[in-house]
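**Student:** Just to be clear, the model below is a prediction. Sequence and coordinates:
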Amino acid sequence: MKRILKIVKTNRIKKIIDAEKIAAGEVVDRPVNVVKELIENSIDAQASEIRVIVKKAGKSLIQVIDNGFGIPSEDIDMAFERHTSSKIRSIKDLENLSTLGFRGEALASIAAVSRVEIISRVEFEEKGVHLLIEGGKIIDKKKISCPIGVNIQVKNLFYNLPARQKFLKTDATELGHITDILQRYSLAHPELHFIYRHNNLDILNCPASNDLRTTVFHIYGKKIAKFMEPFDYSDKDDNFKLSGLLGHPQIAKKNRSYSSLFINQRYIISDVLFRAVNEAYEGTLMVSKYPFFIVFLELDPYVIDFNVHPKKLHVRFEKEDAIYNKVYNVIRSIVEDRFIIKEAKYLSTELEDFIPKEEKFLKNLIQISPKEELESENTTQKQLIPEKSVQLSLEDKDLSHQKVLPESFLRGKYILSKNFPKLRLISHTGQLSNKTYVVLEGINENNEEGLFILDQHAASERVNKERFLEAYETSKISVQKLVSPLKIDVSPSEKIFLEPNLHEIRKLGFNFDLFGGNTFILREIPIVMGKLPKLNIIKEIISDISKIGKDKSFKEVREEIINYLSCHKSIRGGDDLTLKDIRNLLIELAHCKDSYHCAHGRPTLRFFSYKELDKLFKRIV
Ligand code: ADP
Ligand code: MG
């Protein structure tokens with residue numbers, strides 16, 4: 001306490017001499033900025049507990065209560081003047097600044113656009129001070145009995161700026177941003193106790209801890225905490241320290257928001273650093289997945305350009321390549337050590353699955369009897385699938401004697417020749433070896449013959465979307481009960497979106513209920529998700545759904561969610577298809593209302609008439 005007293009006495013609030021040099025920039029343009037500035041002030045004031053109370057997503061109230069060293073009553077007026085700070089005296093100080101806020105304009109900017117009520121006391125004063133400010137003008141100041149620290153309420157944000165108010169997004173969106181920033185600050189400061197309530201609902205209660213993993217547990221739940229690997233690296237010669245938690249590849253996410261980067265304990269956004277970590281995971285993640293990580297970087301402030309973005313989130317480095325290489329190398333060696341070696345085991349078990357699958361693939365080829373299959377279908381199907389290609393599989397019947405077939409046997413050997421493309425015949429199913437397209441020949445609606453190319457994923461997505469949409473519109477979504485209900489821990493920001501939309505989510509086939517805290521219980525899922533979806537797939541869908549809801553209303557995103565669900569279940573690029581799979585897909589695609597576009601509008605089937613090909617080869621002009 002002696003130390004704190006000294007800070008208060010020596011760090012009196014004064015005008016910054018050359019304030020005009022400070023990069024101009026709006027400090028406050030939405031509620032989250034207010035929350036951020038107030039929390040930063042509390043952290044700078046060495047608070048150990050920070051309580052954030054928000055009403056109507058911060059539009060009607062943002063209250064921050066801390067137990068820091070407070071503001072002396074004689075300085076409090078000045079704290080609300082522009083360019084005043086107890087933290088720096090001149091712009092030079094910015095270069096080696098360690099405290100968070102540095103422009104001395106946060107309180108002034110906030111007070112200018114809201115009604116502020118602040119109660120504060122410092123240790124050496126017996127009574128505290130109570131100040132009322134409206135639109136930047138002090139309208140009341142009196143003495144009051146209160147605890148040490150600051151209790152500030154920011155009410156009716158932008159009450160005097162209707163244009164700004166109009167610009168604010170929905171409550172869900174604004175609240176999403178606030179929750180996000182609170183989560184990041186809790187991660188940055190596990191040593192502080194963060195409490196966060198919205199509309200009388202507890203969203204986050206993250207007690208002080210000296211273990212980051214405990215903080216992760218409070219924010220993301222038990223499963224995530226379990227699959228995080230702690231690491232700690234330091235290079236004293238270079239004043240470089242890298243530590244934190246790296247998520248196991250199995251908890252990788254579909255978007256970047258589960259990656260947190262901190263420099264000198266400040267949450268930042270940096271493309272270079274993100275790339276360095278992301279690329280260090282190479283070979284361990286599926287396509288379009290991002291690692292879950294919390295990484296703290298400590299280095300000399302002079303190598304960072306912190307004042308690049310007015311909101312101070314984006315940072316730039318003087319020696320970008322050097323930072324990239326360092327971070328990449330440290331993370332890569334940890335990834336190799338802890339994940340890749342372990343992954344090797346998974347690979348060998350996958351391999352066992354792989355061989356029977358290959359055999360099954362062959363069996364399917366042989367089982368197809370063209371007569372039986374074709375007789376049950378209508379004529380358009382016959383046109384789409386020329387009998388020739390089906391017969392091809394029959395000719396290969398004797399192949400079944402061979403247990404494991406070399407791939408070259410199925411696909412044909414390359415014809416090698418100097419200065420000429422390496423060429424071979426395509427697979428029996430017509431599926432190209434990138435497993436994305438299927439080549440077919442047939443007759444189009446105008447009775448022209450030619451070449452068709454099918455995008456297997458796009459086609460499957462269209463089929464699933466129409467099926468699901470029809471079921472949704474007629475309230476006939478088939479659901480399946482889970483053998484045992486699943487408890488799902490969500491993050492506070494996910495909870496905010498999920499809770500008010502439970503009814504809508506149920507209409508989509510998810511029987512989903514709040515279980516308590518940040519835990520939901522799932523009893524039924526839509527059949528479209530497949531027979532036995534894995535827990536992490538369900539969790540991912542829920543997390544993605546709540547992500548969509550952050551910026552839009554449920555109604556707006558319903559179609560997106562349906563697209564998403566239909567996409568999820570669909571055959572993917574990279575999936576091996578049997579002849580039977582392809583045939584079924586074509587039959588279903590033919591029955592769609594819009595057979596030619598996927599849920600996102602990409603083409604499913606392209607046609608090149610022989611005439612076009614003839615032109616291409618200059619057979620005709
Ligand atoms: P800055 O943080 O850049 O100095 P602000 O406008 O955010 O500028 O705050 C102005 C001053 O008010 C700070 O320098 C600090 O002295 C004081 N102050 C603001 N919030 C607190 C708080 N929660 N506890 C103690 N002092 C505070
Ligand atoms: Mg500040």
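**Tutor:** Here it is on my side, so go on. The structure displayed is predicted, hence computed values, not measured ones. Ligands and ions are numbered 1, 2, ... in the order given.

**Student:** Output the lowest mean pLDDT helix or strand found in the chain.
**Tutor:** helix 387-395 (a mean of 28; mean pLDDT, DSSP states H and E).

**Student:** tell me the contacts of the spatially most central residue of the chain?
**Tutor:** In the chain, the residue lying closest to the centroid (Cα atoms, centre = their mean) is N255, at 3.1 Å. When the contact criterion is Cβ atoms under 8 Å, 6 or more residues apart in numbering, the partners of N255 are Y290, D544, K547. (C-beta placed from N, C-alpha, C; glycine too.)

**Student:** swap the cut-off to 10 Å and go again
**Tutor:** By Cβ atoms under 10 Å, 6 or more residues apart in numbering, N255 lies in contact with S288, K289, Y290, E540, S543, D544, K547.

**Student:** Now do the closest residue in space to the second one that isn't next to it in sequence against I224, distance only.
**Tutor:** It stands for K289. By the measure of Cβ to Cβ, 6 or more residues apart in numbering, the closest residue to K289 outside its immediate chain neighbours is A252, 4.1 Å from it. As defined by Cβ to Cβ, to the nearest Å, A252 lies at a distance of 11 Å from I224.

**Student:** joint contacts of those two?
**Tutor:** By Cβ under 10 Å, 6+ apart, the residues touching both A252 and I224 are Y258, F292.

**Student:** ChimeraX command for the buried members of the contacts of N255?
**Tutor:** Selection of buried members from those for ChimeraX, criterion 16 or more other Cβ atoms under 10 Å:
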select :289,290,540,543,544,547
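
**Student:** Run the chain-centre distance for stretch 110-121.
**Tutor:** 34 Å (Cα atoms, centre = their mean, to the nearest Å).

**Student:** Kindly report the same for stretch 288-308.
**Tutor:** In terms of Cα atoms, centre = their mean, the centre of stretch 288-308 is set 18 Å apart from its chain centre.

**Student:** Is ligand 1 within reach of that stretch?
**Tutor:** No - judged by Cβ under 6 Å from any ligand atom, stretch 288-308 and ligand 1 are separated, with a smallest distance of 12.8 Å.

**Student:** I'd like to know how many residues surround the residue nearest to K289.
**Tutor:** Per other Cβ atoms under 10 Å, the neighbour tally for A252 reads 21.

**Student:** Show me which residues of this structure sit near ligand 1.
**Tutor:** Near ligand 1, when you scan the chain using Cβ under 6 Å from any ligand atom, you find 13, 37, 41-42, 45, 66, 68-71, 79, 84-87, 101-108, 150.

**Student:** Which ones among these map onto helices?
**Tutor:** Judged by DSSP state H, helices contain the following of the residues of the chain next to ligand 1: E37, N41, S42, A79, A106, L107, A108.

**Student:** Quick one: residues contacting the last one.
**Tutor:** Yep, that's A108 we're talking about. Applying Cβ under 10 Å, 6+ apart to A108 gives the contacts V27, V28, M78, A79, F80, E81, R82, H83, T84, I133, G136.

**Student:** hang on, the fourth one packs against A45?
**Tutor:** Meaning A79. No - with contact defined as Cβ atoms under 10 Å, A79 does not reach A45; the gap is 11.3 Å.

**Student:** Identify the contacts common to these two.
**Tutor:** By the contact definition Cβ under 10 Å, 6+ apart, A79 and A45 are jointly contacted by I71, S86, S120, V150.

**Student:** ok, then the element right after the helix or strand where the third one lies?
**Tutor:** Remark: S120 resides in strand 115-121, with elements defined by DSSP states H and E. For strand 115-121, the following helix or strand on the C-terminal side (DSSP H and E) is strand 128-134.

**Student:** Let's see the pLDDT reported for L579.
**Tutor:** According to the prediction, L579 has pLDDT 85.

**Student:** and the nearest residue to it once chain neighbours are set aside, how many neighbours?
**Tutor:** The shortest distance from L579 to any non-neighbouring residue, by Cβ to Cβ, 6+ apart, is to T429 (5.0 Å). Residues within reach of T429, counting by other Cβ under 10 Å, total 24.

**Student:** Tell me the buried residues in the lengthiest strand in the chain?
**Tutor:** Ranked by residue count, the top strand of the chain under DSSP state E comes out as strand 479-489. The neighbour-count check on strand 479-489 (16+ other Cβ under 10 Å) flags V479, Q480, L482, I488, D489 as buried.

**Student:** Parallel or antiparallel, which strands does that strand pair with?
**Tutor:** strand 519-526 (antiparallel) (DSSP bridges).

**Student:** pLDDT (mean, whole number) over the partner strand?
**Tutor:** So the average pLDDT for strand 519-526 ends up being 86.

**Student:** got it, and stretch 568-576?
**Tutor:** Stretch 568-576 shows a mean pLDDT of 80.

**Student:** Counting neighbours, which bits of that stretch end up buried?
**Tutor:** Buried residues in stretch 568-576 (16+ other Cβ under 10 Å): H568, K569, S570, I571.

**Student:** And that stretch, end to end?
**Tutor:** End-to-end distance of stretch 568-576 (Cα to Cα, to the nearest Å): 17 Å.

**Student:** now it: how far from the chain's centre is it?
**Tutor:** Taking Cα atoms, centre = their mean, the mean C-alpha location of stretch 568-576 is offset from the chain mean by 22 Å.

**Student:** Quick one: distance of stretch 253-266 to the chain centre.
**Tutor:** 10 Å.

**Student:** mind checking the end-to-end distance for it?
**Tutor:** 23 Å.

**Student:** And that stretch, what's buried?
**Tutor:** Buried-residue list, stretch 253-266, by 16+ other Cβ under 10 Å: K253, S257, Y258, S259, S260, L261, F262, I263, N264, R266.

**Student:** Just give the closest residue to Y328, not the sequence neighbours.
**Tutor:** A276 (4.3 Å).

**Student:** these two touch, right, the one you found and A322?
**Tutor:** No - using Cβ under 10 Å, A276 makes no contact with A322, being 11.0 Å away.

**Student:** Between these two, which is the more surrounded one?
**Tutor:** A276 (23 against 13).

**Student:** wait, is the more buried one part of a helix?
**Tutor:** Yes - the assignment for A276 (DSSP: H, G, I helix; E, B strand; the rest coil) places it in a helix.

**Student:** And for R51, the neighbour number?
**Tutor:** Using other Cβ under 10 Å: R51 sits among 18 other residues.
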